[in-house]
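Colleague: next input, structure requested:
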Amino acid sequence: MLKEPELVKLEKLLLEKCLEHVQALPNVKATVNQTRIFCDIGKADGILAISSPIGSENYAYVIQLNITNDTAKFVICHIKQLQEKFKHKLILITSYLSGSIIQKLINENIEFIDSLGNIYLDSAATYILVRGKRRLKIKPLSQKQITHISLKVIYNLLKSPEILTHPFEELANAVGTTLATINNTLKKLYKLGYLMRQPKGGYRIANYIKLFERWEIGYVETLRPKLLIETFTYTEEQKFSEFAAKIINLASTDNFLIGGELGAALITSYLLPQSATLHVTNNHHLIAAKLKLKPDPKGKITFLAQFNNQNYGNYSQGTYIADPLLIHAELMTESDDRLEETAKLIFAKYIEDKQQNA
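Modeller: Predicted coordinates for the structure are as follows:
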């Protein structure tokens, strides 16, 4: 008998704990159907039916094990996108919500239940707001299970799902690590439920969208802080469109990749960019000098270190633009309607079809 993946087990325990808090509410009943519902941008983990003497409501629920202040923007944006797709109301199931995150969710009218008993329900069945439940200081699951090395592996799997059918030395070379590390990481992703075994050996991606969601959260939470070099602003008085032309001209000769808003604009022709993310190697001082940049914590030009030799995208414009996985993740670090719409276009055009190779 196959062991239940650790991730699935943790999600079930979390759901049970959250349901206990709902069932403890006076005159409120809750039942669950754990059949997943899929759409082109993600999934709901099942249906939660809540009823009371005044009415009933069916929610599509989404389980997110951990939410931090850094990842809250992404989670909120993803929930809002799913709400547009599903006919049911949506509710978030999670382990713990801080006071600031609770307020953000309420402001966006996103209903939730966490494992400590923080609850927000606003439907035909009932209106309930319970907040202020706090947890002990414990290390989040995501930090223990998904490291920056794991995320580099996940990135390469999402970029080229077929790489799992090749010798693992190819994946080790793409990530820039040892074969032993690759084997250990794949085993961990399998135990967590992100990969599944193949009958003749090896692995395949169990659920591309679920792995993609984990990549985006992990990028913001774990990987991006390690890649961040510095933020800059330009010293000359000019419009960003004029400065963007200088970045594009320099990228083709100075071995860096354009991402963020400017990269998104180049691959969609939809966005009027106001900032840029430059994915650099070891030459960022030279690039900053050539572009006449100065350090500025609030600057619009962000330098990130490239983390392997596969950070480029395959576009007709050339190889100086970052991969859509990196561009999409960068856009999702900001809560901005114009960036969210652009991210949807990028997902539909460059990422969604990769599921077919998973």
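Colleague: helix or strand next in line after the lowest-mean-pLDDT helix or strand in the chain, which one?
Modeller: When the helices and strands of the chain are compared on mean pLDDT, DSSP states H and E, helix 141-145 comes out lowest with a mean of 50. Remark: after helix 141-145, the chain's next helix or strand is helix 148-159, criterion DSSP states H and E.
Colleague: list the buried residues in the first helix or strand past that next one going along the chain.
Modeller: Counting by DSSP H and E, the element after helix 148-159 in chain order, helix or strand, is helix 168-175. Across helix 168-175, burial judged by 16 or more other C-beta atoms under 10 Å covers 171, 172, 173, 174, 175. No exception for glycine: its C-beta is placed from N, CA and C like everyone else's.
Colleague: try stretch 66-79
Modeller: Buried, per 16+ other C-beta under 10 Å, within stretch 66-79: 66, 67, 68, 71, 72, 73, 74, 75, 76, 77, 78, 79.
Colleague: looking at these, which is nearest residue 233?
Modeller: Ranked by distance to residue 233 (C-beta to C-beta), the buried residues of stretch 66-79 are led by residue 73 at 22.7 Å.
Colleague: hmm, the closest one is touching residue 334, no?
Modeller: Yes: applying C-beta atoms under 8 Å as the test, residue 73 and residue 334 come out as touching, 6.8 Å apart.
Colleague: dump the residue contacts of the residue nearest the centre of the chain.
Modeller: In the chain, the residue lying closest to the centroid (C-alpha atoms, centre = their mean) is residue 216, at 2.0 Å. Contact analysis of residue 216 by C-beta atoms under 8 Å, 6 or more residues apart in numbering lists 74, 78, 328, 329, 332.
Colleague: with distance to residue 146 and secondary structure added, can I get these in JSON lines?
Modeller: Listed next are those as JSON lines, based on distance: C-beta to C-beta, whole Å; DSSP: H, G, I helix; E, B strand; the rest coil:
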{"residue": "74", "distance to residue 146": "15", "secondary structure": "helix"}
{"residue": "78", "distance to residue 146": "17", "secondary structure": "helix"}
{"residue": "328", "distance to residue 146": "18", "secondary structure": "helix"}
{"residue": "329", "distance to residue 146": "14", "secondary structure": "helix"}
{"residue": "332", "distance to residue 146": "17", "secondary structure": "coil"}
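Colleague: of those residues, closest to residue 285?
Modeller: The closest of those, once distances to residue 285 are taken by C-beta to C-beta, is residue 329, at 25.4 Å.
Colleague: give the rounded mean pLDDT of the host helix or strand of residue 226.
Modeller: Per DSSP H and E: residue 226 is located in helix 224-227. Per-residue pLDDT values over helix 224-227 give a mean of 94.
Colleague: shouldn't residue 331 be in contact with residue 342?
Modeller: Yes: judged on C-beta under 8 Å, residue 331 makes contact with residue 342 at a distance of 6.1 Å.
Colleague: no more questions from me, cheers.
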